[in-house]
Structure formats: C-alpha cells, structure tokens
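[1] after the sequence you'll find the predicted model.
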Amino acid sequence: MAIMTDIVKIMPNTSPHQTKGPLVAVLAYDGLCTFEFGIAYEVFGLPRPEMGEGWYRFSVCGIEPGPLRAAGGLTVAVDKGLEVLDAADLIVVPGWRSIDATVPKPLANALRAAHQRGARIMSLCSGVAVLAGAGLLANRRATTHWRYVASIAARYPDVMLDADVLYIDEGSLLTAAGSAAGIDLCLHVVRGDFGSEVANSVARRLVVPPHREGGQAQFISAPVPEEREGIRLGPLIEWMRQSLAEEQPISLLAKKAGMSMRTFQRRFEATTGLSVGEWLLKERLRHARDLLERELAVSLDDIAISSGFGTLATMRHHFRKRLGTSPHAYRKSFGG
C-alpha cells in the first residue's frame, strides 16, 4: 500500500493588503511542531486588513534545507533561510523537534546576532530548548511546558525556570509554557505593540479570552460535563454574566435553575469546572478589566459597583490577590 504524504509549500503573505509593521519571522525545521507554528501564523501572519498597514509583516525561515517533515504527516517546503533573521523584529521559535535535540550552530549564531542588534525572540512550548541552547537564557527567567522543566533545568542550570506561569516576558526574550499558552503570549505581544483593544479584537477572532488567569497547575484532569447539563444551565449562566452587578446567592440561582441548592452546585461545577463563587469572581474580574481598558472616563468606584464587587476596596483586594496589581495600575498599563 502506498503511503501518501501531504506537501505544504509555505509562501510569503501574498494578500493584496500589504503591511509595513514589525517583521515577524517564524522558524521552520525538520520535525516542525505544526500546532505551535499555526499559533504564530494565526496571530501574526493571517491577513487582517482591518488593522491597517501598520500590522505585522510575516515570513517563514527554514533553518535547514528542505523539504522538512512536520507533525501530522506533512512535508513543508520553505523558500527562505536564516537570512530572514537579519531583518526580523520578532523571531518565533514554534516548539522544537525534541527537548534534548542539539541546536545547530548556524541557528544559534543567527539568534545571538539578532538578539544583540535588538530583535525580540520568543519561544513557544519546547522552543525554549533553542533559546537555552543558544545561550540566551543564562541567568534569566523562563518557562516551558511543565513536563519539560526537569530536562531543561538539568541541562541548563543557569536558567531560572518558573513552571507555574503561562508565559514570561523578559523584554527582548519571551517564553511560553505548554502549547496553548503560546496563544496567551502572542496576544500579550500584540497588546504591547498595538494596545488592548486590538489584542481583544484578535482574541475574539480566535474565540479565546484575551486574558487567562493562573498558571499551568490549574490544568489537571477533570470530567467532561454531560452535554445536556450545559444546555440546561446555559441560559442561567448567560443571565449571571449579564447581571454581575447584582447579588447572586446560590439560593436564587438554584431556584432559577429549578434545582435544589445542593444539586445546582454540583451540576454547575460539573458544567463549568468551577464553583459558583469562583466562577463569579473570575467573571467579575474579567468585566472589571474590560471596563478599565475601554472606559477611561468611568471612575474606579463605579467600575467596582458595575462588576459586582460593591466597593473599590473589595475590587482592589481581588486584583492584588489574583492579578498581582491594583485597578489603577492595571488601567495605567492597559487603558486605551
């Protein structure tokens, strides 16, 4: 039986809408991690004419002669090589073929040269091995997928690894944790380059939240809720989201759901993965952050009331506990 292999030829962005913004170069290598590569393309390479001509330019850099094998049985052909890195403003390492695979010297040299001239370099998931192998992470904070932490720590003891965050921004060097955390880091970069409103727009198109709280420790096995429970509670959850400013005692929610309080709490947690109190807190924080980013004329006290915290002191407490900042500082960083 013949085995068919799909060949994908990666071409420069040929959209009629040409951009003039920062040049993003994404590495392609033999053994390419297609999910991480797809994240980088989706955020930085997908044509977005609504963003104007200042949006990112996008290019792919083949680090070795092709064709290159990629996860999923694909074969990738790339037209450009390491010379792309000479002009790149942001270089993305989308995973790596193996956490303990050697980094080719030409690639390591090119990354060090790019970093020295001021380019930002970003790794997604196992791509941290490339940055560490190039000597860029010595005495710097970094993160990676939790299952790779021990391997990187053993090989590069001078890297200050933090296994309990989704990403780390060290200015010119940025690292993301497990695969999907690459989305969080890419949105963080967009937010820094173009502002929170643009990052939120990209997040909506991706159908993901613009911010995620917590670190990798939250991603533990949990049962998948039965579909009928999600359908049954869906209208109530939407009401809860639209009524954050109101008191929402469990007795009221259970009555609206037509369940006993005990049954409601059990089924709500099975559906959302969170207790009612935790879900409400996360939604209130999300709503408050959204208002802080967009509604600059609204006072902090009014935002606290609108979000359901009641008082600014209560909102400030939860911001510091969950986000490590204050509402005022958050607005100063992300507002407008």
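    That came through fine. Numbering: from 1, shown residues only.

[2] ranges for the strands of the stretch 1-150 of the chain?
    Under the criterion DSSP state E, counting those that start in this stretch, the stretch 1-150 of the chain contains strands at 6-10, 23-28, 57-62, 68-70, 74-78, 90-94, 120-124, 141-142.

[3] strands paired with the shortest one, and their directions?
    Right, strand 141-142. strand 160-161 (parallel) (DSSP bridges).

[4] dump the strands of the stretch 1-150 of the chain into CSV; add mean neighbour count and mean pLDDT as well.
    The C-beta positions use only the backbone N, C-alpha and C, and glycine is treated the same way. Below are those laid out as CSV (neighbours: other Cβ atoms under 10 Å; pLDDT from 0 to 100):
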stretch, mean neighbour count, mean pLDDT
strand 6-10, 14, 56
strand 23-28, 24, 96
strand 57-62, 22, 95
strand 68-70, 19, 90
strand 74-78, 18, 89
strand 90-94, 27, 97
strand 120-124, 28, 97
strand 141-142, 20, 93
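
[5] as CSV, the ones you listed with distance to Thr325 would be great.
    What follows is those, written out as CSV (distance: least, Cβ to Cβ, whole Å):
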stretch, distance to Thr325
strand 6-10, 39
strand 23-28, 28
strand 57-62, 32
strand 68-70, 40
strand 74-78, 41
strand 90-94, 25
strand 120-124, 23
strand 141-142, 18
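
[6] how near is the most centrally placed residue in the chain to Leu124?
    Taking Cα atoms, centre = their mean, the centroid of the chain lies closest to Asp184, which sits 1.1 Å from it. As defined by Cβ to Cβ, to the nearest Å, Asp184 lies at a distance of 10 Å from Leu124.

[7] overlap of the contact sets of these two?
    Ala176 (Cβ atoms under 8 Å, 6 or more residues apart in numbering).

[8] residue ranges with poor pLDDT in the stretch 101-250 of the chain?
    By pLDDT under 70, the low-scoring segments of the stretch 101-250 of the chain are 211-232.

[9] tell me which stretches of it form helices.
    For the stretch 101-250 of the chain, the helices identified by DSSP state H, counting those that start in this stretch occupy 105-116, 128-133, 149-155, 181-194, 196-206, 227-242, 250-257, in order along the chain.

[10] sorry, back to before: among the strands of the stretch 1-150 of the chain, which comes closest to Ser260?
    Taking Cβ to Cβ as the measure, these were each checked against Ser260, and strand 120-124 came out nearest at 45.6 Å.

[11] neighbouring strands for the closest one, and are they parallel or not?
    For strand 120-124, using DSSP bridges, the partner strands are strand 90-94 (parallel), strand 173-176 (parallel).

[12] so the residue nearest to the centre of the chain is in contact with Thr175, correct?
    No: counting by Cβ atoms under 8 Å, Asp184 stays clear of Thr175, with 11.6 Å between them.

[13] shared neighbours, these two?
    In the contact map built from Cβ under 8 Å, 6+ apart, the residues linked to both Asp184 and Thr175 are Tyr167.

[14] with distance to Glu50 added, can I get the helices of the stretch 101-250 of the chain in JSON lines?
    Compiled in JSON lines, these are given as follows (distance: least, Cβ to Cβ, whole Å):
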{"stretch": "helix 105-116", "distance to Glu50": "30"}
{"stretch": "helix 128-133", "distance to Glu50": "33"}
{"stretch": "helix 149-155", "distance to Glu50": "39"}
{"stretch": "helix 181-194", "distance to Glu50": "12"}
{"stretch": "helix 196-206", "distance to Glu50": "8"}
{"stretch": "helix 227-242", "distance to Glu50": "26"}
{"stretch": "helix 250-257", "distance to Glu50": "39"}
